[in-house]
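Asker: Sequence unavailable; structure follows:
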Ligand SMILES: Cc1ncc(COP(=O)(O)O)c(C=O)c1O
């Protein structure tokens, strides 16, 4: 006689009143493959945990964003925000699609150059630019976005030393009706600081003013904030023309579009609440086109979109190490990927899914990472089916910031794999090992 | 291993604790286990019954049994013994 199928015994308390806020999902979602490659095959070949990026998703997302703008505005140029994900293979997909590079340090600048980006197609942002960095940028004819007056004077000094001209824009902070206002970067619009900086730059012999920049924040959930920002920059653009008879080349509205991840504490999933590329593009294009700027003098519109272009393309594959019960009876699960790899788990309720049909019993659970640290919590409350030790899980929407803000801590950083358009997987960053890490260390000779 | 007196278990897997007012659902395996516990069987004999009947190995049964058992205690379905009886 053949034996019956076994399932884990379960007891669950019946709680009266409101069910969970979205009701129970009809069926647990499963992610069993990425771009046609089964999850177990990826993990067998590249280990666990492993980051997997889909080239197809990157290109599709980029095409969607580009189309949203190009159907509404005549001249649009994206610049890939390096800090969001500066693995060369990722940057090269964006550059291949036509993106310039947006960098915020000498290191990122050199990385963009080494990826074959022409210096004049590099936007150099950020408050940290040394004389050496500025020299590199001037020599490469980059667009230098000045952050503060000290940098402006250092830049003037550097151009004099080199006896070269620099192409510049200023970063502007402004009230776009959203809070917090990121006023720590750039020159303020409302109090006239930005206008003062522009006047000083226009007087400087060696500075060619070519653009205006703002980056109002990140994960901006209201598209109308961009309309306010765009019309304020349009006002300055016209004021510069009136006073100096000079047309700038571009207006740069930075990044900040929300990705479909769900913020902690949000009532609804991000996929339901985030504006689409079309909504952002509509707000921005309308604001510039309906400003005073004559149609024949419309600036090129630069976008430095980061997370919204790459989050969806990234997955982290991980393995269940253990199941436990807390002293309060709560189900907890330990997986082999921790917060050191998933910086965005501090902001988002990341989606975690089984890679195959597991049990039908779903229970509110806490998912811990493997670090021997109390902060290592990937999800503090998630309805999850019981998964056994060794089961493989997939964490979705982790393409942005995790592969740059990750930390080497307690364990090695894992392989990063990209699946190309033909459905073939390639390692694009190798797993660290003892040698690679110790190669930075020096033991003092006694 | 004693089910508390105040516990009522119905055949469809519904459990009511009249002392705390809590009610619970059991899945079929949970129901089968709790019935055997109610018959005062010890773990070894429960394990042997399950091994005979289901496609499962002894370690999985053991792990799941004790996790289930801990939950029964937590929900006061099983009378607590002295937790420090190893002393
Ligand atoms: C100047 C600048 N541009 C673009 C970005 C990319 O932002 P996001 O990923 O929110 O689109 C950032 C990120 O902080 C930034 O500082």
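Answerer: Arrived safely, thanks for sending. A quick note: this is a predicted structure, and the numbers were derived from the prediction, not measured. Numbering: from 1, shown residues only, chains lettered A, B, ... in the order given.

Asker: all contacts plus neighbour counts: C-alpha atoms, from now on.
Answerer: Will do.

Asker: average model confidence for stretch A:61-74?
Answerer: Summarised as a single mean, pLDDT over stretch A:61-74 is 98.

Asker: For that stretch, what is the distance to the chain centroid?
Answerer: 19 Å (CA atoms, centre = their mean, to the nearest Å).

Asker: who touches residue 68 in this structure?
Answerer: Since no chain was named, I'll use chain A. Residues counted as contacts of residue A:68 (CA atoms under 8 Å, 6 or more residues apart in numbering or on different chains) are A:277-278, A:281-282.

Asker: that answer is for a different chain, and I need it for chain B
Answerer: A:9-11, B:30.

Asker: Which of these fall in helices?
Answerer: Residues of these located in helices (DSSP state H): residue B:30.

Asker: In TSV, list the contacts of residue B:68 along with distance to residue A:306.
Answerer: Below are these laid out as TSV (distance: CA to CA, whole Å):
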residue	distance to residue A:306
A:9	46
A:10	44
A:11	45
B:30	49
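
Asker: which among the contacts of residue B:68 end up buried?
Answerer: Among the contacts of residue B:68, those classed as buried by 16 or more other CA atoms under 10 Å in any protein chain shown are A:9-11, B:30.

Asker: residues from chain B in reach of chain A?
Answerer: Contact residues, chain B versus chain A (CA under 8 Å from any CA of the partner chain): B:22-31, B:33, B:52-56, B:64-65, B:67-68, B:70-72, B:74.

Asker: and if we set it to 6 Å?
Answerer: B:23-27, B:29-30, B:53-55 (CA under 6 Å from any CA of the partner chain).

Asker: Just the buried residues from those, in PyMOL please.
Answerer: Selection of buried members from the residues of chain B next to chain A for PyMOL, criterion 16+ other CA under 10 Å:
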select buried, chain B and resi 23+24+25+26+27+29+30
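
Asker: Tell me how far residue A:69 lies from residue A:79.
Answerer: 14 Å (CA to CA, to the nearest Å).

Asker: rewinding a little: which of the contacts of residue B:68 sits closest to the ligand?
Answerer: Within these, proximity to the ligand (CA to the nearest ligand atom) peaks at residue A:10, which comes in at 42.6 Å.

Asker: tell me the contacts of the closest one?
Answerer: Residue A:10 is in contact with B:26-27, B:30, counting by CA atoms under 6 Å, 6 or more residues apart in numbering or on different chains.

Asker: If we ignore the residues flanking it in sequence, what's nearest it?
Answerer: Counting by CA to CA, 6 or more residues apart in numbering or on different chains, residue A:10 lies nearest to residue B:30, which is 5.1 Å off, once chain neighbours are set aside.

Asker: go on, residue A:219?
Answerer: Excluding its sequence neighbours, the residue lying closest to residue A:219 (CA to CA, 6+ apart) is residue A:258, at 3.9 Å.

Asker: buried residues in the helix ranked longest in chain B?
Answerer: For chain B, the helix that runs over the most residues, judged by DSSP H, is helix B:58-74. Using 16+ other CA under 10 Å as the test for burial, helix B:58-74 gives B:61, B:65, B:67-73.

Asker: of all those, which comes closest to residue A:130?
Answerer: Nearest to residue A:130 among those: residue B:67, at 59.0 Å, using CA to CA.

Asker: In chain A, which residue is most central in space?
Answerer: residue A:307 (2.8 Å; CA atoms, centre = their mean).

Asker: do chain B as well
Answerer: Taking CA atoms, centre = their mean, the centroid of chain B lies closest to residue B:34, which sits 4.0 Å from it.

Asker: for it, helix, strand, or coil?
Answerer: helix (DSSP: H, G, I helix; E, B strand; the rest coil).

Asker: Could you work out the end-to-end span of stretch B:7-14 for me?
Answerer: Stretch B:7-14: ends 10 Å apart by CA to CA.

Asker: could you check the angle helix B:58-74 makes with the top strand by length along chain A?
Answerer: Counting by DSSP state E, the longest strand found in chain A is strand A:314-325. Strand A:314-325 runs at 70 degrees relative to helix B:58-74, counting by axes from the mean of the first three to the mean of the last three CA atoms, to 10 degrees.

Asker: Sheet-wise, list the partners of strand A:314-325 with their directions.
Answerer: With DSSP bridges as the test, strand A:314-325 is paired with strand A:50-54 (antiparallel), strand A:331-335 (antiparallel), strand A:392-396 (antiparallel).

Asker: Out of the ones you listed, which gets nearest to residue A:358?
Answerer: Of those, nearest to residue A:358 by CA to CA is strand A:392-396, at 10.3 Å.

Asker: Name the next helix or strand following the closest one along the chain.
Answerer: Using DSSP states H and E, the helix or strand that follows strand A:392-396 towards the C-terminus is helix A:402-405.

Asker: So is that next one next to the ligand?
Answerer: No. Helix A:402-405 lies apart from the ligand when judged by CA under 6 Å from any ligand atom; the minimum separation is 11.5 Å.

Asker: Please report phi then psi for residue A:193.
Answerer: With angles defined as degrees, to the nearest 10, residue A:193 sits at phi -60, psi -40.

Asker: and the spatially closest residue to it that is not a sequence neighbour, what is it in contact with?
Answerer: Leaving aside its sequence neighbours, residue A:193 sits nearest to residue A:187 (CA to CA, 6+ apart; 5.6 Å). By CA under 6 Å, 6+ apart, the contact set of residue A:187 is A:172-173, A:193-194.

Asker: Just those: which are in strands?
Answerer: Going by DSSP E, the strands hold A:172-173 from the contacts of residue A:187.

Asker: where in chain B is pLDDT low?
Answerer: By pLDDT under 70, the low-scoring segments of chain B are B:1, B:85, B:87.

Asker: For the ligand, what's its nearest residue on it.
Answerer: Ranked by CA to the nearest ligand atom, the top residue of chain B for proximity to the ligand is residue B:67, at 43.2 Å.

Asker: What does the pLDDT read for the closest residue in space to that residue that isn't next to it in sequence?
Answerer: Spatially, and ignoring its direct neighbours in sequence, residue B:67 is nearest to residue A:325 (7.4 Å; CA to CA, 6+ apart). pLDDT, residue A:325: 89.

Asker: shouldn't residue A:219 be in contact with residue A:255?
Answerer: No. Counting by CA atoms under 6 Å, residue A:219 stays clear of residue A:255, with 8.8 Å between them.

Asker: More neighbours: the two, which one.
Answerer: Higher neighbour count among residue A:219 and residue A:255: residue A:255, with 24 against 17, using other CA atoms under 10 Å in any protein chain shown.

Asker: That one looks like it's in a helix, true?
Answerer: No. Read with three-state DSSP, residue A:255 is coil and lies in no helix.

Asker: got the contact list for it?
Answerer: A:304-306.

Asker: hang on, the residue nearest to the centre of chain A packs against residue A:402?
Answerer: No. Using CA under 6 Å, residue A:307 is not in contact with residue A:402; the gap is 10.4 Å.

Asker: wait, does stretch A:139-159 contact the ligand?
Answerer: No. Stretch A:139-159 lies out of reach of the ligand by CA under 6 Å from any ligand atom, never closer than 9.1 Å.

Asker: Next, the buried residues of that stretch.
Answerer: Buried, per 16+ other CA under 10 Å, within stretch A:139-159: A:139-148, A:151-152, A:155-156, A:158-159.

Asker: Same check on stretch A:159-177?
Answerer: So for stretch A:159-177, counting by 16+ other CA under 10 Å, buried means A:159, A:164-176.

Asker: Just name the closest of these to the ligand, please.
Answerer: Lowest distance from the ligand to the buried residues of stretch A:159-177 (CA to the nearest ligand atom) belongs to residue A:171, with 8.4 Å.
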